[in-house]
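In: Build the 3D model from these lines:
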Amino acid sequence: MTRFFKRRGSRRVLVLGLDCAAPELVFDQFNAELPTLRGLMQTGTWGRLESSLPCITVPAWASMMSSRDPGVLGIYGFRNRADHSYNPMKVTDGSAVRVPRVWDYVSEAGRPSLLVGVPQTYPARPLLNGYLVSDFMTPGTESAFTYPAILKQEVLRVTPNYTFDVGDFRTPDKDALWQRLIDMTEAQYRLLCHLMTGKAWDFAMHVNIGTDRVHHGFWRYHDSTHRLYEAGNPYENYIRDYYKLVDERLAEVIELAGDDVTVLVVSDHGVRRLDGGICLNEWLWRNGWLTLKTPPQAGELTTLENADVDWAQTRAWGSGGYYGRVFLNVEEREPQGIIPAEQYEATRNKLAAALAAIIGPNDQALDTKVFKPQEIYEQVNGIAPDLLVYFGDLHWRAVGTFGHGAHFTLENDTGPDDTNHAPHGIFILNEPGKRGAGNVDGHQLMDIAPTLLRRLGIDVPREMQGREIET
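Out: Modelled structure (predicted):
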């Protein structure tokens, strides 16, 4: 296939992101059926990649591409507190990322980038040099999702059915979900191939959100340890089949890039079987940390925003999601704060110990891990949670609603979901004309940005927290 605008003699890098791609699947269970990834591993450097804390798409990809931890970024999840009020948290899109990412350094060096679907690139911001199609947080094709703006016309001409995400991946209609997933995947890789041949680039990056969605939608049918697994079910091989499809598409993309390009396949986190949810706010209410003027009715689920909270009597509240975020109601910080500043740390320690001791439905210990932002981040910017919680070592998610009648639930309050995230993703680094180091361990996703800049021949800024992956 003809390759246009190839920059002879330049150092070029292609990053192929697979959101949520799991080491146990890529390196072990499916490896024999993934010839593209297996081939990259055989001559490259590869291994598990420790995710950010929290290990979720936002902020993980921004942390990876900037080499700054979530505290430095001031981004702690898909939604963040905008101020110290009790107002609902706000969605954290690309405008929240205020530090340079790899492509910004590439642009400053006067070299072109091509970005497709990279998380937290919506709204589309100008590149000094290059082209951008925004990510899964984009509302739809009616929005301004490209840079330059005129690129939108080309995207819709090449892929009229282009979608940024599969929509409702927490749905019981698995057949419809599968079809949306395949349609999205095919359209995105088709667009990527088109743009790679028609645009100049020294750095190109695409992130496939489909690997995340197929896990959340189909894990119970795949994993024999899942409580809802049934042997011989009709969806048993869907996750395997999706990985095989992606492997085929990656082969096409890599061949198109040429044999002089460094290729990195990388994921932001892994996948973990979901056993249930800890009803964080209900637990706080039942244990005297949160006060409601009107108690919740069992079976009638109510969000924190719609609950009748007595803030003047509340010491703590939480936010649900793949991990738990807990906020303390501190005097002179929150509008109706009641925890004196001098009692803050003692109160935080007491609550952390109580959260870690929460038991499961069979009175079993859950191996819950509780973190303080000041102890895990280089800086704490923005408005961080007072505590971050991995319930049951991430086999249990945090559920924010009231009305479950207990502090745990086996049903997700936002629709069917089979998995949580795991703290390790993958990386496979393959450089032209060079045999890699094979399987290496001990790398964290902030190591990716300095590694990419080195391969591009660009100096690594001192502000970056990661270290280069040696090959």
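In: switch to C-alpha atoms for all contacts and neighbour counts from now on
Out: OK.
In: Can you give the contact residues for the helix ranked longest in the chain?
Out: In the chain, assigned by DSSP state H, the helix with the most residues is helix 174-198. Identification of contacts with helix 174-198 by Cα atoms under 8 Å, 6 or more residues apart in numbering yields 2-5, 114, 116, 155, 158-159, 161-166, 168-169, 171, 204, 206, 208, 210, 213-214, 217-218, 249, 253, 256-257.
In: Now a ChimeraX select for only the buried ones of these.
Out: Buried residues among the contacts of helix 174-198 (16 or more other Cα atoms under 10 Å), as a ChimeraX selection:
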select :114,116,155,159,162,163,164,165,166,169,171,204,206,208,210,213,214,217,218,249,253,256,257
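In: Which parts of the stretch 51-200 of the chain are helices?
Out: Along the stretch 51-200 of the chain, counting by DSSP state H, counting those that start in this stretch, helices occupy 57-66, 70-73, 102-108, 151-158, 174-198.
In: which strands and helices sit next to the third one?
Out: If I follow you right, that is helix 102-108. If you count contacts as 3 or more Cα pairs under 8 Å, 6 or more residues apart in numbering; DSSP states H and E, helix 102-108 packs onto strand 113-116, helix 448-455.
In: what do you get if the cut-off is 10 Å, keeping everything else the same?
Out: Applying 3 or more Cα pairs under 10 Å, 6 or more residues apart in numbering; DSSP states H and E, one finds that helix 102-108 contacts helix 57-66, strand 113-116, strand 130-133, strand 203-208, helix 448-455.
In: Give me the mean pLDDT for that helix.
Out: For helix 102-108, mean pLDDT is 97.
In: for stretch 317-326, same thing?
Out: 96.
In: ditto for stretch 66-78
Out: Stretch 66-78 comes out at a mean pLDDT of 98.
In: And for stretch 453-471?
Out: 97.
In: for stretch 270-279, same thing?
Out: In the prediction, stretch 270-279 has an average pLDDT of 96.
In: Could you measure from the nearest residue in space to residue 469 that is not next to it in sequence over to residue 461?
Out: Ranked by Cα to Cα, 6 or more residues apart in numbering and with sequence neighbours excluded, the top spatial neighbour of residue 469 is residue 451, at 5.7 Å. Taking Cα to Cα, to the nearest Å as the measure, residue 451 falls 12 Å from residue 461.
In: More neighbours: these two, which one.
Out: residue 451 (18 against 11; other Cα atoms under 10 Å).
In: That one is in contact with residue 465, isn't it?
Out: No - counting by Cα atoms under 10 Å, residue 451 stays clear of residue 465, with 11.8 Å between them.
In: so what's in contact with the two at the same time?
Out: Counting by Cα atoms under 10 Å, 6 or more residues apart in numbering, residue 451 and residue 465 have no common neighbour.
In: contacting residues around residue 270?
Out: Shown in contact with residue 270 (Cα under 10 Å, 6+ apart): 19-25, 48-51, 55-56, 212, 215, 420-426.
In: typo on my end, residue 361
Out: Counting by Cα under 10 Å, 6+ apart, residue 361 has contacts 276, 278, 406, 407, 408, 409, 410.
In: I'd like these laid out as JSON lines, including neighbour count.
Out: Converted to JSON lines, these look like this (neighbours: other Cα atoms under 10 Å):
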{"residue": "276", "neighbour count": "26"}
{"residue": "278", "neighbour count": "27"}
{"residue": "406", "neighbour count": "14"}
{"residue": "407", "neighbour count": "23"}
{"residue": "408", "neighbour count": "22"}
{"residue": "409", "neighbour count": "20"}
{"residue": "410", "neighbour count": "13"}
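In: Which members of these are the farthest-apart pair?
Out: Farthest apart among the contacts of residue 361 by Cα to Cα are 276 and 406. That separation is 12.5 Å.
In: Number of residues surrounding residue 301?
Out: For residue 301, the count of nearby residues is 17 (other Cα under 10 Å).
In: Look up how far residue 370 lies from the nearest residue to it once chain neighbours are set aside.
Out: Leaving aside its sequence neighbours, residue 301 sits nearest to residue 403 (Cα to Cα, 6+ apart; 4.7 Å). To residue 370, residue 403 is 25 Å away according to Cα to Cα.
In: of those two, who's got more company?
Out: Neighbours were counted for residue 403 and for residue 370 using other Cα under 10 Å; residue 370 has more, 21 against 18.
In: Enumerate every residue touching the more buried one.
Out: 324-325, 349, 351-356, 387-391, 393.
In: for residue 72, same thing?
Out: Residue 72 neighbours (Cα under 10 Å, 6+ apart): 63, 98, 99, 377, 378, 379, 380, 381, 382, 465.
In: rerun at 7 Å
Out: 378, 379, 380, 381 (Cα atoms under 7 Å, 6 or more residues apart in numbering).
In: which among those residues end up buried?
Out: Neighbour counting by 16+ other Cα under 10 Å classes 379, 380 among the contacts of residue 72 as buried.
In: Secondary structure and distance to residue 234 added to the contacts of residue 72, as CSV?
Out: CSV is the format used below for those (DSSP: H, G, I helix; E, B strand; the rest coil; distance: Cα to Cα, whole Å):
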residue, secondary structure, distance to residue 234
378, coil, 47
379, coil, 48
380, coil, 47
381, coil, 47
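In: export the contacts of residue 72 to JSON lines and tack on distance to residue 442?
Out: Output for the contacts of residue 72, formatted as JSON lines (distance: Cα to Cα, whole Å):
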{"residue": "378", "distance to residue 442": "19"}
{"residue": "379", "distance to residue 442": "22"}
{"residue": "380", "distance to residue 442": "24"}
{"residue": "381", "distance to residue 442": "26"}
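In: what's the closest of the contacts of residue 72 to residue 75?
Out: Distances from residue 75 to those, taken by Cα to Cα, are shortest for residue 381, at 8.1 Å.
In: Test my guess that the closest one contacts residue 70.
Out: No - Residue 381 lies out of contact with residue 70 (Cα atoms under 7 Å); the separation is 8.6 Å.
In: what sits in contact with each of those two?
Out: Common neighbours of residue 381 and residue 70 (Cα under 7 Å, 6+ apart) do not exist.
In: circling back: okay, who's weakest in the contacts of residue 361 by pLDDT?
Out: For the contacts of residue 361, the pLDDT minimum is residue 410, 87.
In: Is that residue in contact with residue 279, as I believe?
Out: No - between residue 410 and residue 279 there is no contact under Cα under 7 Å: 10.2 Å.
In: before we move on, the earlier item: which of the contacts of residue 370 sit farthest apart?
Out: 349 and 393, at 19.3 Å, using Cα to Cα across the contacts of residue 370.
In: Those two: which has the busier surroundings?
Out: residue 393 (19 against 14).
In: got the contact list for the more buried one?
Out: Contacts of residue 393 (Cα under 7 Å, 6+ apart): 367, 368, 369.
In: so where does the first one fall, helix or strand?
Out: Translated: residue 367. Under the criterion DSSP states H and E, no helix or strand holds residue 367.
In: Return the list of strands paired to the lowest-mean-pLDDT helix or strand in the chain, each annotated with direction.
Out: Taking mean pLDDT, DSSP states H and E as the measure, the chain has strand 408-409 as its least confident helix or strand, at a mean of 92. Applying DSSP bridges, strand 408-409 is found paired with strand 276-279 (antiparallel).
In: what about residue 463, how many neighbours?
Out: By other Cα under 10 Å, 9 other residues sit near residue 463.
In: Regarding residue 247, what is its secondary structure?
Out: helix (DSSP: H, G, I helix; E, B strand; the rest coil).
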